[in-house]
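>>> any chance you could fold what I've pasted below:
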Amino acid sequence: MINSYGILLTEAPLGGESSIRIAIVNDSECGDALTDVLGCTEDENEISILSGWDWYTGSDPSQVGQQPFDFQTVFMHELGHAIGLHHSNEYSSVISESLTPDRPPRTFSSHDSLPNRDH
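Below you'll find the model as predicted:
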């Protein structure tokens with residue numbers, strides 16, 4: 001589903017040019033793990049994933065419940081913001097304003113659409 005948004009993920013060399021930068025950080029302008037922040041997208045091209053969480057990083061989403069939060073879900077949520085998506089009211093959306101550990105939506109859905117940039 002990510003290809004339908006025109007996204008190609010590649011690793012840029014350290015210090016090289018990139019459209020979106022992703023970093024694992026201790027804190028961000030949105031807060032940190034102590035203030036219950038999982039991730040933050042700043043200036044639409046700087047994604048911060050907060051350290052201090054017991055992330056699930058495995059490939060089987062049915063196992064997420066054993067650890068608090070799914071890294072892939074939070075990454076996709078922040079990537080959605082970086083490409084211009086706004087929070088969705090759809091509970092099953094990865095870009096939902098509220099993510100719960102028992103429901104890891106790992107991809108964009110038909111409910112997630114880019115805002116009209118012509119207006």
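>>> measure residue 110 to residue 36 for me?
Applying CB to CB, to the nearest Å, one obtains 29 Å for the distance of residue 110 from residue 36. Bear in mind the C-beta positions are built from the backbone N, C-alpha and C, glycine included.
>>> please disregard the earlier target; I meant residue 91.
Computed as CB to CB, the residue 91 to residue 36 distance reads 19 Å.
>>> contact partners for residue 37?
Taking CB atoms under 8 Å, 6 or more residues apart in numbering, we find residue 37 in contact with 28, 30-31, 50.
>>> for the protein, what are the low-confidence residue spans?
The model of the chain has pLDDT under 70 over residues 1-5, 66-67, 101-103, 114-119.
>>> can you pull out the helices in it?
71-82 (DSSP state H).
>>> all the strands of it, residue numbers only.
Taking DSSP state E to define them, one finds strands in the chain at 21-25, 27-28, 31-32, 39-42, 46-50, 55-56, 69-70.
>>> next, format these as JSON lines and append mean neighbour count and distance to residue 100.
As requested, those are exported to JSON lines (neighbours: other CB atoms under 10 Å; distance: least, CB to CB, whole Å):
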{"stretch": "strand 21-25", "mean neighbour count": "14", "distance to residue 100": "22"}
{"stretch": "strand 27-28", "mean neighbour count": "18", "distance to residue 100": "21"}
{"stretch": "strand 31-32", "mean neighbour count": "14", "distance to residue 100": "19"}
{"stretch": "strand 39-42", "mean neighbour count": "20", "distance to residue 100": "15"}
{"stretch": "strand 46-50", "mean neighbour count": "21", "distance to residue 100": "17"}
{"stretch": "strand 55-56", "mean neighbour count": "20", "distance to residue 100": "13"}
{"stretch": "strand 69-70", "mean neighbour count": "22", "distance to residue 100": "9"}
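>>> turn those strands into CSV, including distance to residue 12.
Formatted as CSV, the strands of the chain follow (distance: least, CB to CB, whole Å):
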stretch, distance to residue 12
strand 21-25, 8
strand 27-28, 20
strand 31-32, 26
strand 39-42, 17
strand 46-50, 13
strand 55-56, 23
strand 69-70, 25
